[in-house]
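Trainee: Sequence unavailable; structure follows:
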């Protein structure tokens, strides 16, 4: 048995840690590349959303490398994410690839536990008692690593606009994340996290700068994965913008565990409430949160909002229509970037440069 | 009865299924129902947001109507089935129209969510009645009349499609004409009701099909039970009611009973794009289908000429196949 999982930001560090700690053989799909995307595009059609294509590409590459068991997070209605597995399974079957599929339920309910029990019957035969015994420890290790990664990424978002040597933050962040990734024991992990933090903080910075504050909102996959959004977060940072986002791997995990009382999750509740002036119902996925966050960020004095969505994404299409109005009503610049498989990295760079220039004019006029 | 005012229904989206119901309900309550006119020219389409063509047409129709009526009726259709839901865009549709009309039009946007079960449809319509000043009893009576006229309309639905020009399908004062000559080809036309019956979307494909000798079988031809049977063995439940109807009817008709299947979709329709891939792949994995399938995708640039060519070619394919199987049947006798 060789387990594999899709890429989503630094989620592979989390998945890898679980498998490694529990001693389950795994294959991390190659880093999402042009080839991954081409494979995904080839085996779907133009109006299917970008995350579908990238995840499919990840799976194809991993299966070709010898993986045989796919682990995928499930989701529910109303957006298309909830039916990815139904369609991807038959596509892989049609391609003649062999796999076993395990869906992690989006909500921990009794039915979900039961269904999972059925699905994992076969798999458990291949797992040793040691694997199963160590699994909870693996989960804990994965979670710790995830939290360490997110802390580092947040820190990078803060220091990036101050960097003197362009690209230095990204270099340091990558290195720090790899330390976390490589840590084998909780003690080494703690050490790696601390070392990474100082490594980023010690970077040469121009502290006299007053960076623009921009919030990244939109569909979670396009917000969280730099391969999908062609590094919007990094590009903005290097243009002198302090970027914030509320979509993190941990936010969505906590949300599905219904831990809405947690600080970060309750922020989402606040956004949702704020969206009610424009939207009378929960459209689904991140739609309402995108709108509400744009409104509240404007109130909090942010300089702008970047709204990210995959082409033809159902909930975010509604959001983008409404956000045009929100931008006018609240006098906050909103840049919507619609992402698909086209080679648009250069165009995104130009758009972001123009956006930041506009923020500069706005600041000077004020 | 004295006229209470004018109530506008945009000729878009689920108008193409529920208009008979909606019209009766409001007329019984003493309102004059005004339906927007066809758009006809693509220059008139309002591009308020960048969605699928059916959604853009909803905004366009609402803009056209807003000056002429007291209220616009754009219900928030969350679910029209006990278990399954509508496309998420329907949930935001009234809000999009509200912003497009600069919040100046009065919009009746009561939520319809049949997942709540029991009498939730009646409850929604009681609230709608309340908003336009009707008493509970008046609304209840109007609702019953609406149900009655809707079921009557549905009985004649397939005949209307085949015997009336598409533009007159929802002209309820026009009676269904008697049966004419039987068409030589039986063809299933599958898709969302608005893709099937909105002439502004499909350039009156149905009229073209009828002129080529096709008998039309729409996607709401099968009963809910028959649809369920077709999609019951999937590894995951399709949770959009329209998606189930489309996948179920495609599986059903591609396994027999018709000479051909035409699948109509709108460009950028998320549900259709995903399920189309699923249907194609699954058919392939299961060894294919011998029934010809034509997939037509529409957007605001679709022209009638291209459609004509494709439908004529499709007719040739169906006739050829039918000819061959007829010859086979004769020779085996």
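Mentor: Okay, I see it. What you are looking at is a predicted structure, and each value in this text was computed from that prediction instead of being measured.

Trainee: The residue nearest to residue A:94 when sequence neighbours are not counted is in what secondary structure piece?
Mentor: The shortest distance from residue A:94 to any non-neighbouring residue, by Cβ to Cβ, 6 or more residues apart in numbering or on different chains, is to residue B:281 (4.6 Å). Where you see a C-beta, it was placed from the backbone N, CA and C, and this is true even at glycine. Secondary structure assigned from DSSP states H and E places residue B:281 in helix B:270-285.

Trainee: before we move on, back to that, give me the number of residues near the residue nearest to residue A:94?
Mentor: Residue B:281 has 21 neighbouring residues, counting by other Cβ atoms under 10 Å in any protein chain shown.

Trainee: Now do the same contact list for it.
Mentor: Residue B:281 sits next to A:87, A:90, A:91, A:93, A:94 when contact means Cβ atoms under 8 Å, 6 or more residues apart in numbering or on different chains.

Trainee: So which helix or strand of chain B has the lowest pLDDT on average?
Mentor: Ranked by mean pLDDT, DSSP states H and E, the weakest helix or strand in chain B is helix B:304-332, scoring a mean of 86.

Trainee: Just send the contacts of residue B:281 back as JSON lines, with secondary structure and neighbour count too.
Mentor: Listed next are those as JSON lines, based on DSSP: H, G, I helix; E, B strand; the rest coil; neighbours: other Cβ atoms under 10 Å in any protein chain shown:
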{"residue": "A:87", "secondary structure": "helix", "neighbour count": "23"}
{"residue": "A:90", "secondary structure": "helix", "neighbour count": "22"}
{"residue": "A:91", "secondary structure": "helix", "neighbour count": "23"}
{"residue": "A:93", "secondary structure": "helix", "neighbour count": "15"}
{"residue": "A:94", "secondary structure": "helix", "neighbour count": "16"}
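
Trainee: Give me the secondary structure label for the residue in chain B that chain A sits nearest to.
Mentor: At 2.8 Å from chain A, residue B:49 is the closest residue in chain B, using Cβ to the nearest Cβ. Following DSSP: H, G, I helix; E, B strand; the rest coil, the label given to residue B:49 is coil.

Trainee: for residue A:118, same thing?
Mentor: Three-state call for residue A:118 (three-state DSSP): helix.

Trainee: Count the neighbours of it for me.
Mentor: Number of residues near residue A:118 (other Cβ under 10 Å) recorded here: 8.

Trainee: Now do it against residue A:155, distance only.
Mentor: Distance of residue A:118 to residue A:155, given as Cβ to Cβ, to the nearest Å: 43 Å.

Trainee: just the helices in chain B please.
Mentor: Using DSSP state H, the helices of chain B run over B:15-28, B:53-65, B:89-100, B:120-131, B:136-163, B:193-197, B:199-202, B:205-211, B:224-231, B:241-254, B:270-285, B:304-332.

Trainee: Just send those helices back as JSON lines, with distance to residue A:124 too.
Mentor: As requested, these are arranged in JSON lines below (distance: least, Cβ to Cβ, whole Å):
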{"stretch": "helix B:15-28", "distance to residue A:124": "47"}
{"stretch": "helix B:53-65", "distance to residue A:124": "46"}
{"stretch": "helix B:89-100", "distance to residue A:124": "40"}
{"stretch": "helix B:120-131", "distance to residue A:124": "43"}
{"stretch": "helix B:136-163", "distance to residue A:124": "51"}
{"stretch": "helix B:193-197", "distance to residue A:124": "46"}
{"stretch": "helix B:199-202", "distance to residue A:124": "51"}
{"stretch": "helix B:205-211", "distance to residue A:124": "53"}
{"stretch": "helix B:224-231", "distance to residue A:124": "30"}
{"stretch": "helix B:241-254", "distance to residue A:124": "33"}
{"stretch": "helix B:270-285", "distance to residue A:124": "28"}
{"stretch": "helix B:304-332", "distance to residue A:124": "50"}
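
Trainee: Of all those helices, which one comes closest to residue A:126?
Mentor: Nearest to residue A:126 among these is helix B:270-285 (26.0 Å), distances taken as Cβ to Cβ.

Trainee: how about the closest one: buried residues?
Mentor: By neighbour count on 16 or more other Cβ atoms under 10 Å in any protein chain shown, the buried set for helix B:270-285 is B:270-283.

Trainee: Can you lay out these as JSON lines showing pLDDT and distance to residue B:214?
Mentor: Below are those laid out as JSON lines (pLDDT from 0 to 100; distance: Cβ to Cβ, whole Å):
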{"residue": "B:270", "pLDDT": "94", "distance to residue B:214": "29"}
{"residue": "B:271", "pLDDT": "95", "distance to residue B:214": "26"}
{"residue": "B:272", "pLDDT": "96", "distance to residue B:214": "22"}
{"residue": "B:273", "pLDDT": "95", "distance to residue B:214": "26"}
{"residue": "B:274", "pLDDT": "95", "distance to residue B:214": "28"}
{"residue": "B:275", "pLDDT": "95", "distance to residue B:214": "24"}
{"residue": "B:276", "pLDDT": "94", "distance to residue B:214": "22"}
{"residue": "B:277", "pLDDT": "95", "distance to residue B:214": "27"}
{"residue": "B:278", "pLDDT": "96", "distance to residue B:214": "26"}
{"residue": "B:279", "pLDDT": "95", "distance to residue B:214": "21"}
{"residue": "B:280", "pLDDT": "93", "distance to residue B:214": "23"}
{"residue": "B:281", "pLDDT": "95", "distance to residue B:214": "27"}
{"residue": "B:282", "pLDDT": "94", "distance to residue B:214": "26"}
{"residue": "B:283", "pLDDT": "92", "distance to residue B:214": "22"}
